[in-house]
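Peer 1: what's the 3D shape of this:
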Amino acid sequence: MKCVVGIDLGSTTTKAVLLDVEDGRILGQGITNSRSNYEVASAVARQEALTAARFRLLSDALHHGVDAATADRMQERLMLAFRHELFLTQLDGLESALQAMIVAVVPVDKRPDYHRAADLIIEAAVKFAESVYTPGAARKSDFFKDLASEAMATAATAICEQTGVKYERLLGVFDRAILDVEKQVTAFEFETLLQRAARRALATFSAEDRGAAEVHLLGAVEKTNALAIDEVAFVGTGYGRQTLPFPKEAVRSEILCHGRGAHRFFPGTRTVLDIGGQDTKAIQVDDHGVVTSFQMNDRCAAGCGRYLGYIADELNLGLHELGPLALGAKRVVKVNSTCTVFAGAELRERLSVGERREDILAGLHRAIMLRAMSLLARSGGVRNQLTFTGGVGKNPMATRVLRELVTESYSADIDLNLHPDSIYMGALGAALFAFDDHRAGRAIIPTALRALYGKAETEAKDCCGECGCDHAEGGGSGKKSGHCDKDGEHCHA
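Peer 2: Next comes the predicted model:
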């Protein structure tokens, strides 16, 4: 199976989307936190998208020959088991990083206590994983750093009491170690990890059901592992797009990508509002999804996802909890500033005079959306249909306020499009551009990209040696297009 890849490297999260080259359907989507290393973030997002594509193929195999309910149950348990196994693999990296950091920064006479504390942290994380990777269990995040940090925070006090290590110093060692882990791509073989996950998933079935489940599940796993996924084109976009190891021809503006991604999901889209981590974009598109005008707040992150994240931290809440909490407001407290620098001070002041959290959050959401409405007006207004994209598009209070303001300022007849995968719109647009490049025969996969992302899912076609592309050894025309003249396809051995 051949696919094209779109990567949206945002300031907060990095997303990847894979499209089938035959019909353009979405094969897989992946997301990770952007961390301090953009190259690693893009590689991890791509890895996540490939995993999702594999599980889509696995789903097809599981649903063949059994009823849908049974197949869904097998798929859910296998996915949880796979995430569990991947977490344990990443935990091995954290254990090594912790022990190395202790040697690097802790005096020799204190190291035994720290080494013991590190062992206890890993033990606590293993137990924590057992609790969160079970059917029906709730997780605040799917990112390794967040889950490992939560396990650490839960067990740290007891570990410090048991080992005599001071809490602040142990936390400092942990933070530095996990940052080192975040700078690396976790290496794993999908096939091996899926086999381990299958055995773990089968253990959750009753003895009565296990025999039949084993035959069907392992058969589907074997079939999926035999399928090859070959990436034939890449396009990058987003806040950090210039850091991607792509040639300039394979980099597109995030404005173009968000407009096109929104139009792909909702062909009637004429106006796009995207609120991401670092900026807000108001985009006008024509009936083909081509951008005709736009406005964006390129000076600061006021009123964006980073602002909401800061508010969530101040209230000791998860980012996903802000919207539902604000829906419970009885009144809207006027907020004077959406500046992230002053947000904490104003929030604490409002709380100190007895204002309810729900009412303050309602005011914050209204202030954010008023700022967005100003951008929309400057870009050309709101035309039917309006599509709301970006991470903030999943916030129920933000979408409610936006609908109210559009009705007040324009018309109640304007359709507001929302999609559960709104955060992937930019990556989808990039993948659509990659799809076009592949169809037009101008896509290349640079050697630097393969070095960063590792070996392809399957051995790519060998270069003919006669075309003169980057991989030809001697002879040829000497051109560096990466295109094979012999058979009309790209050489990417």
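Peer 1: burial of residue 441, as a residue count?
Peer 2: The local packing of residue 441 (other Cβ atoms under 10 Å) involves 11 other residues. Backbone N, C-alpha and C define where each C-beta goes, glycine included.
Peer 1: Against residue 324, how distant is the closest residue to residue 167 other than its chain neighbours?
Peer 2: Closest residue to residue 167 apart from its sequence neighbours, by Cβ to Cβ, 6 or more residues apart in numbering: residue 160 at 4.8 Å. To residue 324, residue 160 is 35 Å away according to Cβ to Cβ, to the nearest Å.
Peer 1: quick one, which of those two is more surrounded?
Peer 2: Each of residue 160 and residue 324 has its neighbours counted (other Cβ under 10 Å); residue 160 has more, 19 against 13.
Peer 1: Is the more buried one within a helix or a strand, and which one?
Peer 2: The secondary structure element spanning residue 160 is helix 144-163 (assigned by DSSP states H and E).
Peer 1: and that helix, how far from the chain's centre?
Peer 2: In terms of Cα atoms, centre = their mean, to the nearest Å, the gap separating the centre of helix 144-163 from the centre of its chain is 25 Å.
Peer 1: could you say what helices and strands it packs with?
Peer 2: Contact analysis of helix 144-163 by 3 or more Cβ pairs under 8 Å, 6 or more residues apart in numbering; DSSP states H and E lists helix 68-105, helix 111-132, helix 167-182 as its packing neighbours.
Peer 1: One more pass at 10 Å, please.
Peer 2: Packing contacts for helix 144-163, counted by 3 or more Cβ pairs under 10 Å, 6 or more residues apart in numbering; DSSP states H and E, involve strand 26-33, helix 68-105, helix 111-132, helix 167-182.
Peer 1: Please identify the buried residues of that helix?
Peer 2: When burial is assessed from 16 or more other Cβ atoms under 10 Å, helix 144-163 yields the following buried residues: 144-145, 147-152, 155-156, 159-160, 163.
Peer 1: Distance to residue 5 and pLDDT added to these, as JSON lines?
Peer 2: Putting the buried residues of helix 144-163 into JSON lines (distance: Cβ to Cβ, whole Å; pLDDT from 0 to 100) gives the following:
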{"residue": "144", "distance to residue 5": "22", "pLDDT": "91"}
{"residue": "145", "distance to residue 5": "24", "pLDDT": "90"}
{"residue": "147", "distance to residue 5": "26", "pLDDT": "93"}
{"residue": "148", "distance to residue 5": "28", "pLDDT": "94"}
{"residue": "149", "distance to residue 5": "30", "pLDDT": "94"}
{"residue": "150", "distance to residue 5": "31", "pLDDT": "92"}
{"residue": "151", "distance to residue 5": "32", "pLDDT": "94"}
{"residue": "152", "distance to residue 5": "34", "pLDDT": "95"}
{"residue": "155", "distance to residue 5": "39", "pLDDT": "95"}
{"residue": "156", "distance to residue 5": "39", "pLDDT": "95"}
{"residue": "159", "distance to residue 5": "42", "pLDDT": "96"}
{"residue": "160", "distance to residue 5": "45", "pLDDT": "96"}
{"residue": "163", "distance to residue 5": "46", "pLDDT": "96"}
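Peer 1: Not counting its neighbours along the chain, what's nearest residue 293?
Peer 2: residue 284 (4.7 Å).
Peer 1: Show me what the host helix or strand of that neighbour pairs with in its sheet, parallel or antiparallel.
Peer 2: Secondary structure assignment for residue 284, by DSSP H and E: strand 280-285. Here the strand partners of strand 280-285, with direction, are listed using DSSP bridges: strand 271-275 (antiparallel), strand 291-296 (antiparallel).
Peer 1: Can you tell me which of those is most buried?
Peer 2: Per residue and on average, the most neighbours among those fall to strand 271-275, with a mean of 28 (mean count of other Cβ atoms under 10 Å).
Peer 1: next one: that one to chain centre, how far?
Peer 2: Distance of strand 271-275 from the chain centroid (Cα atoms, centre = their mean) equals 19 Å.
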